[in-house]
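[1] Output the structure for:
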Amino acid sequence: MSTLTEVIGAERAAAHTRRLAHRIAVADGLPLAAAERLARQRVEAGDPRALAAPGQVWVLREDADEDDAPACALGIIARLTCPPAVLAEDEHGTVETLPIDVLDLFHLDSWTEDPWT
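    Sure, this is the predicted structure:
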């Protein structure tokens with residue numbers, strides 16, 4: 001499993017983590033230092049709730065059961081917030097809305113665009 005830094009580089013990973021920390025601080029009313037710690041922990045753990053964004057490809061983890069997964073790979077088209085979900089396309093071109101928790105079966109493989117720009 002690759003780290004976010006390995007997938008998109010140190011500069012983009014740091015920018016993503018800073019933006020996530022800011023969102024956590026605002027949403028949860030946390031001091032920025034606490035939000036930064038939480039954001040780093042979530043990113044380092046590969047938490048889909050902290051990472052999932054358009055332009056990403058998530059690949060089924062080797063230890064995941066294929067029968068439990070909707071596909072072997074998912075390309076994220078959009079992230080939805082209520083409830084937390086992703087609009088994703090599988091390797092066969094099927095597009096569907098999936099609960100963000102399904103990404104626990106996958107690992108982030110690549111990220112071709114920056115959703116923040």
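
[2] contacting residues for Thr94?
    Residues near Thr94 by CB atoms under 8 Å, 6 or more residues apart in numbering: Ala71. Yep, even glycine has a C-beta here, placed from its N, CA and C like the rest.

[3] so what secondary structure elements neighbour the helix or strand of the chain with the lowest mean pLDDT?
    Using mean pLDDT, DSSP states H and E, the weakest-scoring helix or strand in the chain turns out to be helix 4-8, at a mean of 90. Judged by 3 or more CB pairs under 8 Å, 6 or more residues apart in numbering; DSSP states H and E, helix 4-8 is in contact with helix 10-28, strand 106-111.

[4] which one of these lies closest to Glu36?
    Of all those, helix 10-28 sits nearest to Glu36, with 4.3 Å by CB to CB.

[5] residues in contact with the closest residue to Gly75 other than its chain neighbours?
    Spatially, and ignoring its direct neighbours in sequence, Gly75 is nearest to Glu89 (4.7 Å; CB to CB, 6 or more residues apart in numbering). Contacts for Glu89 (CB under 8 Å, 6+ apart) come out as 74-75, 77, 95.

[6] do Leu51 as well
    Leu51 touches 4, 16, 42-43, 108, counting by CB under 8 Å, 6+ apart.

[7] now the residues you listed: which count as buried?
    With burial judged by 16 or more other CB atoms under 10 Å, the buried subset of the contacts of Leu51 is 4, 16, 42-43, 108.
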